[in-house]
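# below are the sequence and a predicted model; questions follow.
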Amino acid sequence: MLIRITAALLLLLCTACAHATDKPNIVFVLADDLGWADVGYNGATFYETPHIDALAKDGVRFNRFYPGGPNCAPTRACLMTGTYTPRHQLYQPSGRSKGDVKKMRWKVPTRGQGESYDTFHSNDNTIDAKWVSVAEVLKPAGYATARIGKWHLGDDDQGFDLSTNDGVRPFAEHKGNHYADVDVAKQMTDRAIAFIEDNKDRPFFLYVSHWEVHTPIKATADLVDKYKQKKGGGGDQSFNWNPTYAAEIEVVDRSVGRLRAKLKELGLEQNTIFIFSSDNGGLPGVTMNKPLHAGKGSLFEGGIRTAFAAAWPAKVKPGTQTDVPVTGVDFLPTLAALAGAPLPTGQPIDGVSFAPLLEGKPLAERAIFWHYPLYLTGGKGNKVLPVYGTGELYWRAVPSSAIVKGEWKLIYYYEYERYKLFNLKHDIGEQRDLAESHPEKAKALHGELMAWVEQTDAPVPDVVNPAFGKAKKRQ
């Protein structure tokens, strides 16, 4: 009898130990063009995000998360490969500058307006299959992997077991976009739930990449009507809040709620890391990014800082926050560390694991970087940089590099051959350039930034654009 009791006890203990060391499931929901200020926990009142807010309340808020790029495709490449833009060479979805070529000081990859330049390589919505992705890192560790929704990285599915743009058709059979499809978020979420159910007995990595809230702004009539009734009843009255945009945000929020509910129903919530974020900042004119400056496409905070929250009941203390900067290239090393998977050895890994922050532990201060060697014209409310040698505000981005280290941020403009320095702790809106009042800090950050540019072999425009007219070659 004693032997039977002892054997049963040992079995119980072994089962408990095995459960305690189970690899965590990972669910990562990514919105498209959702601004930092578009969620309730960051102050939104016209938009409603109860499920995203609940996620933040149940876990940790990363107040300074930087996806890796100022727009969609480079951000996704950074997330998947753990490498900065000069490595995978995807800077802009088209791979080309956008805007009037006659207003560009330097020759860069450009098409249109009568000029076409190819002065350095810039990928067009594609990353080379040589890169080892997050999915390919996690699969050898026993993970089932799924990518549902917007991909924007080319024809190769980078090792995902399941790849689908719309939640219905396999990626190999359908590679179109769904920006205007008001039903796609529900379809994607339905498929994501089925994937969870199919893999509930093994660890899984589920990447749900929504098409919302990217333009064209469209949503179902019932949701739009809801926010039409609310219009004027919430938010800064100086801004013309868009009911359809608000409806799109609610669609993404509902997806988060449905996925979390399914995890809870299946008893998987405790050991699942659930992450929510966006690929870049909001589009000015469509939404309001205040207190951040500028928006999508810009290296100002409004373009590169987004909402980010993560819950993991087994490990993360509810209601916590961190102001430590983390960035998109940190995902691959973080998820590898949490899954107990080795990092790829055939490619550089520019990120670091932020796993310690999930458990309230410190992370050593380090610099994080951006490089954008192209031009991007601005629309209404998003023309924040001038044409070289003039006062005409025309660009939202010009050839630039940027560095954030601690509370400091420096942007170097190759276009103007000068930099701007900001203290984000005291000036989140980047209204006060401190380069002249803090010359030693600016010089040190600029030196570190230029060393990184050289180390990564980042392309620096230095060939005069003959179409610009009076431009002079950079010395």
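Arrived safely, thanks for sending.
# CA atoms for contacts and neighbours, from now on please.
Fine.
# and the helices in this protein?
Along the chain, the segments classed as helices by DSSP state H run 2-20, 50-58, 72-81, 85-88, 134-138, 184-198, 221-230, 243-265, 301-304, 331-339, 355-358, 439-455.
# now tabulate the ones you listed in a markdown table and tack on mean neighbour count, distance to residue 401 and mean pLDDT.
A markdown table is the format used below for the helices of the chain (neighbours: other Cα atoms under 10 Å; distance: least, Cα to Cα, whole Å; pLDDT from 0 to 100):
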| stretch | mean neighbour count | distance to residue 401 | mean pLDDT |
| --- | --- | --- | --- |
| helix 2-20 | 11 | 44 | 38 |
| helix 50-58 | 21 | 31 | 98 |
| helix 72-81 | 28 | 14 | 97 |
| helix 85-88 | 21 | 11 | 98 |
| helix 134-138 | 24 | 26 | 98 |
| helix 184-198 | 19 | 35 | 98 |
| helix 221-230 | 15 | 39 | 95 |
| helix 243-265 | 21 | 31 | 98 |
| helix 301-304 | 30 | 13 | 98 |
| helix 331-339 | 22 | 21 | 98 |
| helix 355-358 | 18 | 27 | 96 |
| helix 439-455 | 16 | 7 | 98 |
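# can you put the ones you listed in JSON lines and add distance to residue 148?
Compiled in JSON lines, the helices of the chain are given as follows (distance: least, Cα to Cα, whole Å):
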{"stretch": "helix 2-20", "distance to residue 148": "28"}
{"stretch": "helix 50-58", "distance to residue 148": "19"}
{"stretch": "helix 72-81", "distance to residue 148": "13"}
{"stretch": "helix 85-88", "distance to residue 148": "22"}
{"stretch": "helix 134-138", "distance to residue 148": "13"}
{"stretch": "helix 184-198", "distance to residue 148": "6"}
{"stretch": "helix 221-230", "distance to residue 148": "24"}
{"stretch": "helix 243-265", "distance to residue 148": "12"}
{"stretch": "helix 301-304", "distance to residue 148": "24"}
{"stretch": "helix 331-339", "distance to residue 148": "18"}
{"stretch": "helix 355-358", "distance to residue 148": "25"}
{"stretch": "helix 439-455", "distance to residue 148": "34"}
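# how about these, which one is nearest residue 286?
Of all the helices of the chain, it is helix 243-265 that lies closest to residue 286, at 7.5 Å by Cα to Cα.
# can you show me the CA trace of that closest one as CSV?
This file holds the C-alpha atoms of helix 243-265, laid out as CSV (Å, rounded to 0.1, in the frame of the first residue of the first chain):
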residue,chain,number,x,y,z
PRO,A,243,-16.3,57.1,-36.8
THR,A,244,-15.2,54.6,-39.4
TYR,A,245,-11.6,54.6,-38.1
ALA,A,246,-13.0,54.1,-34.6
ALA,A,247,-15.0,51.2,-35.9
GLU,A,248,-11.9,49.6,-37.3
ILE,A,249,-10.1,49.9,-34.0
GLU,A,250,-13.0,48.2,-32.3
VAL,A,251,-12.7,45.3,-34.8
VAL,A,252,-9.1,44.8,-33.8
ASP,A,253,-10.0,45.1,-30.1
ARG,A,254,-12.8,42.4,-30.5
SER,A,255,-10.2,40.1,-32.0
VAL,A,256,-8.0,40.5,-29.0
GLY,A,257,-10.9,39.7,-26.7
ARG,A,258,-12.0,36.6,-28.6
LEU,A,259,-8.5,35.2,-28.7
ARG,A,260,-8.0,35.7,-24.9
ALA,A,261,-11.4,34.2,-24.2
LYS,A,262,-10.6,31.1,-26.1
LEU,A,263,-7.3,30.7,-24.3
LYS,A,264,-9.1,31.0,-21.0
GLU,A,265,-11.8,28.5,-22.1
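# 66 is where my numbering starts, stick with that
Okay, residue one is now 66; in that scheme the one you just asked about reads as helix 308-330.
# distance from it to the middle of the chain?
18 Å (Cα atoms, centre = their mean, to the nearest Å).
# so that helix versus helix 249-263, what angle?
Inter-element angle recorded for helix 308-330 and helix 249-263: 10 degrees (by axes from the mean of the first three to the mean of the last three Cα atoms, to 10 degrees).
# so helix 308-330 versus helix 115-123, what angle?
50 degrees.
# and residue 303, what's its pLDDT?
With respect to pLDDT, residue 303 has a value of 82.
# what's the burial count for residue 334?
Counted with other Cα atoms under 10 Å, residues neighbouring residue 334 total 21.
# what sits against it?
325, 328, 377-378 (Cα atoms under 8 Å, 6 or more residues apart in numbering).
# please name the bridge partners of the closest residue to residue 120 other than its chain neighbours.
In space, and not counting its chain neighbours, residue 120 is closest to residue 376: 6.1 Å by Cα to Cα, 6 or more residues apart in numbering. Legend: beta-bridge partners of residue 376 under DSSP bridges are residue 339.
# ok, residue 376 to residue 492 distance?
29 Å (Cα to Cα, to the nearest Å).
# who's more crowded, these two?
With neighbours defined as other Cα under 10 Å, residue 376 and residue 492 compare such that residue 376 has more, 28 against 15.
# so who does residue 252 touch?
Taking Cα under 8 Å, 6+ apart, one finds 231-233 in contact with residue 252.
# residue 329 versus that one, what's the distance?
20 Å.
# same question, residue 250
21 Å.
# same question, residue 166
Taking Cα to Cα, one finds residue 166 at 54 Å from residue 329.
# residue 152 too?
39 Å.
# can you give the domain ranges for the protein?
88-426, 435-533 (automatic domain parsing).
# give me every residue that touches the closest residue to residue 398 other than its chain neighbours.
Excluding the flanking residues, the one nearest residue 398 by Cα to Cα, 6+ apart is residue 418, at 5.0 Å. Residues in contact with residue 418, defined by Cα under 8 Å, 6+ apart, are 395-400, 402.
# and which of the residues you listed is nearest residue 467?
Taking these together and measuring to residue 467 by Cα to Cα, the closest member is residue 395, at 17.1 Å.
# which residue packs closest to the closest one, ignoring adjacent ones?
Per Cα to Cα, 6+ apart, closest to residue 395 is residue 416, 4.1 Å.
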